[in-house]
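Peer 1: below are the sequence and a predicted model; questions follow.
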Amino acid sequence: MLSRVKIVNVSKNFDGVIALKDVSLEVKNGDVFFIIGSSGSGKSTLLRCINRLENVSSGEIWIEDILVTGSKANIRQIREETGMVFQSFNLFPHLNVIDNITLALRLVKKINPKEASESARTLLKRVGLLDKEKSYPEQLSGGQQQRVAIARALAMNPKVILFDEPTSALDPEMTKEVLDVMLDLANEGMTMIVVSHEMGFAKAAATTVVYMDEGEVIEIGTPDEIFNNPKKERTIRFLKNVLRA
């Protein structure tokens, strides 16, 4: 099966602090990679390296045949291939919903405004927000804003979507709204790399669970293997603390 993302011996240092240490992962087409670990374990840094928000210190990252970490890599192309959904939504407050979604289509992909708007409405229907196209971010709940952010990421037709703690700022009802959309995407075969503490989503949707600690991949396996029969002591200890909370 085609590799969407290949991470080879990636390390990242911040002023002498090791954020990632020799990380290697391979994400196939249609995989849902769910990355768990304590705060500061390197999860979000890894996502940011995949779409070149951060540069690696060593190693390689590939998105299909694109060497993301290459010195001559086309950053704009990389961002087109990797949608990213952030914890804090990152919508433009001065633009309404439909303009938030169509902005990159018009400016980056040079799609005419009518076609871009039609595409945006299709995506808004997909995330259950077609009636909010003229609303501004401040008029939406957190869950609605995050669903708009997902629609915006989908608009570029990316090869993979990166989710960085997409529900951590939401209350339980809004969290369910967002996870339902993500579950639909997983069921449709979207390749996803998800950093989150939503273990229920991992059990329902993930193909692979990765446990990271102190910048390293400690254990990797199916949801059943990681949650029901973890092999590493550090994984067992982490899950005991998380599942007990």
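Peer 2: Looks like it came in fine.

Peer 1: for the chain, longest helix please?
Peer 2: helix 172-187 (DSSP state H).

Peer 1: show me what the helix or strand just after it is packed against.
Peer 2: The helix or strand immediately downstream of helix 172-187 is strand 192-195, counting by DSSP states H and E. With contacts taken as 3 or more C-beta pairs under 8 Å, 6 or more residues apart in numbering; DSSP states H and E, strand 192-195 sits against strand 32-36, helix 43-50, strand 160-164, helix 172-187. From N, CA and C alone the C-beta is placed, and that goes for glycine too.

Peer 1: format the CA atom coordinates belonging to strand 192-195 as CSV.
Peer 2: Written as CSV, here are the backbone C-alpha positions of strand 192-195 (Å, rounded to 0.1, in the frame of the first residue of the first chain):
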residue,chain,number,x,y,z
MET,A,192,-5.0,11.3,9.4
ILE,A,193,-2.4,11.8,12.0
VAL,A,194,-4.1,12.8,15.3
VAL,A,195,-2.5,14.0,18.5
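
Peer 1: and stretch 226-233, how far out from the chain middle?
Peer 2: Relative to its parent chain, stretch 226-233 has a centroid offset of 24 Å by C-alpha atoms, centre = their mean, to the nearest Å.

Peer 1: which outside residues touch that stretch?
Peer 2: Applying C-beta atoms under 8 Å, 6 or more residues apart in numbering, the contact partners of stretch 226-233 are 199, 202-203, 209, 211, 218-221, 235-236, 239.

Peer 1: can you select the buried ones from those in PyMOL?
Peer 2: The PyMOL command for the buried members of the contacts of stretch 226-233 (criterion: 16 or more other C-beta atoms under 10 Å) is given here:
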select buried, resi 199+202+209+211+218+219+220+221+235+239
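
Peer 1: that older thread, just the CA coordinates for the longest helix of the chain, please, in CSV.
Peer 2: Extracted in CSV, the C-alpha atoms of helix 172-187 (Å, rounded to 0.1, in the frame of the first residue of the first chain):
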residue,chain,number,x,y,z
PRO,A,172,-17.8,17.5,26.1
GLU,A,173,-20.8,18.4,23.9
MET,A,174,-18.7,20.3,21.4
THR,A,175,-16.0,17.7,21.6
LYS,A,176,-18.5,15.1,20.3
GLU,A,177,-19.5,17.4,17.4
VAL,A,178,-15.9,17.5,16.2
LEU,A,179,-15.1,13.8,16.9
ASP,A,180,-18.1,12.8,14.9
VAL,A,181,-16.8,14.7,11.9
MET,A,182,-13.4,13.2,12.3
LEU,A,183,-14.9,9.7,12.6
ASP,A,184,-16.8,10.2,9.4
LEU,A,185,-13.5,11.3,7.7
ALA,A,186,-11.7,8.2,9.0
ASN,A,187,-14.6,6.0,7.7
